[in-house]
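J.: need a structure here:
(chains A and B)
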2 protein chains.
Amino acid sequence: MAGTTIAAQTRPRDHLEMAELHGSISEPVLDTMNFLNEVTHRYPDAISFAPGRPYDGFFDTEQVFTHIRHYLDHLAERGSSPADIRTALYQYGPTAGQIRQIIADSLRVDEDTEVPPESIVVTVGAQEAMLLVLRALFAGPDDVLLVSSPCYVGITGAARLLDVPVRPVEEREDGFHAADLEAAVLAERARGRRPRAFYVVPDHSNPSGNTMGPKAREELLELAERHDFLVLEDSPYRQVSPGTPLPTLKSGDRARRVVQLGSYSKTVFPGARVGFAVADQRVRDTAGGERLLADELAKIKSMVTVNTPSLSQAAVAGALLGARGRLSELNAEAAAYYGEAMREMLRRLDARLPAARREALGVRWNEPSGGFFLTLRVPFRVDNTVLTTSAQDFGVIWTPMTHFYPGTGGHHGIRLSISYLTHAEIDEGTARLARFIEAHCAPHTTSSAPHGTSGSQ
Amino acid sequence: MAGTTIAAQTRPRDHLEMAELHGSISEPVLDTMNFLNEVTHRYPDAISFAPGRPYDGFFDTEQVFTHIRHYLDHLAERGSSPADIRTALYQYGPTAGQIRQIIADSLRVDEDTEVPPESIVVTVGAQEAMLLVLRALFAGPDDVLLVSSPCYVGITGAARLLDVPVRPVEEREDGFHAADLEAAVLAERARGRRPRAFYVVPDHSNPSGNTMGPKAREELLELAERHDFLVLEDSPYRQVSPGTPLPTLKSGDRARRVVQLGSYSKTVFPGARVGFAVADQRVRDTAGGERLLADELAKIKSMVTVNTPSLSQAAVAGALLGARGRLSELNAEAAAYYGEAMREMLRRLDARLPAARREALGVRWNEPSGGFFLTLRVPFRVDNTVLTTSAQDFGVIWTPMTHFYPGTGGHHGIRLSISYLTHAEIDEGTARLARFIEAHCAPHTTSSAPHGTSGSQ
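T.: Numbering: from 1, shown residues only, chains lettered A, B, ... in the order given. Okay, here's the model as predicted:
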């Protein structure tokens, strides 16, 4: 006890300093979610266009038991003994996952993509897949990740954890341009850095809502091959959007330049936390032996989560089996619902701020054909303080686009999500949003809130 | 198409080179599991003392449904509406977990540890907890992790992924000595490095089987405070061992020097992949604000797995609720079983290699009072080639201790696991093991196998 007292006197270290922890913790990108949750919690009556979560109404508590049973029955039909089934459910499982064949089958029938199950690693959401791929591909400080910007925070956050340098490639208002990416690749090369991969959400991007056209997809694949980098394709919204999606980059990837990041969070359910990576690239070792990149990802996964929880894999596999692998079929109703929500959103925005009025204000938005998000440009600066005012005084929450810029940018942008709200909420929410915009456009030389808000910057 | 052809000619990059991937992938530690799985797969009739997995016989497929229902009923009793319950099961959940209160209650009744739920982060197994803690605490190349060596591969593997330097602190044959740790801390300081944390499994360590005595525990806590480092306490076997365990380091941690890493893989089931970190250390930011280290771990987790799967949390919470938080009660039968398996193992080893005989051979082993592992020392060198011979010619599999040494060491050690086998298998397995040892002691100047084995080094 005496020793304790003396130590406490000579070294009063009863806490840690933020500055001695890893730099990622102080990154704004890691605080985005916390901040949005906090605002939502503080203003429970506000209508929120912030969360990119699926609509709750499609879920049914009993369904998950049905899915798991379905998978266990499938195992029995395939010849597993009761003891095998018990082991599959309870024990440590294969690091790369136990439902790879079911995922490969689904990719074949639903996405016209033929990959061996061995090229798939089942992950704890697409987020873990991002971490594994970045860890595998980025070996040193000169390896740089290119990202389409504005950008999903999951990829830049994972890069920050691993100290992977990120170079944003600005998306234009009409979306991706191959020339911009090529310029960035050449500029990084000129700096002595090695562009290893380019991350992109080709369909109904988060946050912009943009979709790459067929020509841009071809150009991207050609560029990846010519300049020797990989494309990280993340496309969680394509099967919950109306109409037939364009072919994935992976389905046209003859040169094996694409690592596909998969997520079942929108197509099955987020709480399962099941995603995957398709990594069919060959890796040659010094002895001339070859393995798949997926094998290397699995090795890394063994030190991140060991394996993906069996219950989650069972639930997702059961859902896939129930739809004969067709996520498109499983999500037909959801896709129609979200499509109608997007159209309703655009109709209500147009009614609240008709063309002439929004032109006068200097306000505009894009018109995505699907996905969960659209972006709105306003003539005033938008930040967390302005958001807090919007929540407090106007009862409407959204996401400042600045959160999605790895560098700087998006100071006049707002991301709106349509996925989580009813039509009645969209109706009322757009009315509030219009009032907020009108109020802030009036004195649009200043970006400060009309009256004090507590320190939520 | 023409472009593709030309590119393929001028830059024939249809594969990746191992050398351009992150160094962790080439680390032997990440291949340990793969190698053991492969040997097990190739010699299905061999009896394996390798896997540290729990005994299958305690599992019952229907039980998991009961656990999940139990948790959902608990939510309803606590006032959750059916819609709330549906959300808890299907949606994205809180990053730090939804069963923190239940875990805190369990730690109080079972481990005499009083921590606020806010200091807990629920993780995808203890493995993710290790990764989060390392990422938070290790900010630069001068921060060094000390590990008790031989050491669980999960911690050194996670360190390797994050390029965290590791210094092994050799465990003596009778276990941990505070003086050895202090010498290592001082030596690292003298090198200009900052020892940030010391990782240890105090109870029935994996791989050695050793348990730290009460005095060593006190000394460790005092040392951590005096030399300003944290202790990472990982103790997955204490509740599945016979008798009353010693108090955890965390329960005596008045100076908040211990981050407890928790695992339900042995006490509930591995397939759930649920673990946790208790991190009640305060972190002060530059503005003088304070948060808990757990808050910072949650931020990192949002970029690793987003949140722990809800089904897994529900299954574990249901099991805990069913035993009123007492893992000790839940595992009474299992602890007795494993205790008896360990005693049977020691009895059979003693029968196969009686004291006089093993002394003549130069063979000895420790006698753990619980846990899953014991270590056996042999006079000949042990490596993967010798293991392959043992599997092929003697029908018995085990783990070379070299796998658990972050530096070099363990060349004469074998880890034996007792957790997964029946008594009949232990009986036959020890007979085979004795034959293998006798055969290899005979020409014990050479470490090579008596006849050729395929290249499994």
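J.: and the gap between A:Ala224 and B:Arg13?
T.: 11 Å (CB to CB, to the nearest Å). Glycine gets a C-beta too; all of them are placed from N, C-alpha and C.
J.: Sorry, wrong one. I was asking about A:Arg291.
T.: In terms of CB to CB, A:Arg291 sits 17 Å off from B:Arg13.
J.: Of those two, give the one with the bigger neighbour count.
T.: Shown here are A:Arg291 and B:Arg13; by other CB atoms under 10 Å in any protein chain shown, A:Arg291 has more neighbours (18 against 13).
J.: Now that one. Nearest residue, chain neighbours left out?
T.: Distances taken as CB to CB, 6 or more residues apart in numbering or on different chains put A:Val283 closest to A:Arg291, at 5.2 Å, once the chain neighbours are dropped.
J.: Buried by neighbour count: which residues of stretch A:75-90 qualify?
T.: Neighbour-count burial for stretch A:75-90 flags A:75, A:85-90 (criterion: 16 or more other CB atoms under 10 Å in any protein chain shown).
J.: want to try JSON lines for those, with pLDDT as columns?
T.: Converted to JSON lines, these look like this (pLDDT from 0 to 100):
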{"residue": "A:Leu75", "pLDDT": "98"}
{"residue": "A:Ile85", "pLDDT": "97"}
{"residue": "A:Arg86", "pLDDT": "97"}
{"residue": "A:Thr87", "pLDDT": "95"}
{"residue": "A:Ala88", "pLDDT": "96"}
{"residue": "A:Leu89", "pLDDT": "96"}
{"residue": "A:Tyr90", "pLDDT": "97"}
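J.: Sort out which of these are in strands and list them.
T.: Within the buried residues of stretch A:75-90, no residue falls in strands by DSSP state E.
J.: Give me the residue at the spatial middle of chain A.
T.: A:Tyr152 (5.2 Å; CA atoms, centre = their mean).
J.: in chain A, which helix has the most residues?
T.: helix A:332-352 (DSSP state H).
J.: distance between the ends of stretch A:21-35?
T.: 20 Å (CA to CA, to the nearest Å).
J.: pLDDT of stretch A:223-234, averaged?
T.: Predicted confidence along stretch A:223-234 averages 97 (mean pLDDT).
J.: chain center to it, what's the gap?
T.: Taking CA atoms, centre = their mean, to the nearest Å, one finds stretch A:223-234 lying 19 Å from the centre of the chain it belongs to.
J.: swap in stretch A:237-249?
T.: Here stretch A:237-249 shows a centroid-to-chain-centroid distance of 15 Å under the convention CA atoms, centre = their mean.
J.: where are the low-confidence patches of the stretch 1-150 of chain A?
T.: The stretch 1-150 of chain A contains residues with pLDDT under 70 at A:1-12.
J.: hmm, try it at 80
T.: For the stretch 1-150 of chain A, the stretches flagged by pLDDT under 80 are A:1-14, A:27-37.
J.: And the strands in the stretch 301-450 of chain A?
T.: Taking DSSP state E, counting those that start in this stretch as the criterion, the stretch 301-450 of chain A carries its strands at A:364-365, A:373-377, A:396-397, A:399-400, A:413-417.
J.: the inter-axis angle of the second one versus helix A:332-352?
T.: Between strand A:373-377 and helix A:332-352, the angle formed by their directions is 20 degrees, by axes from the mean of the first three to the mean of the last three CA atoms, to 10 degrees.
J.: strand partners of strand A:373-377, parallel vs antiparallel please.
T.: strand A:364-365 (antiparallel), strand A:413-417 (antiparallel) (DSSP bridges).
J.: Perfect, I'm done here.
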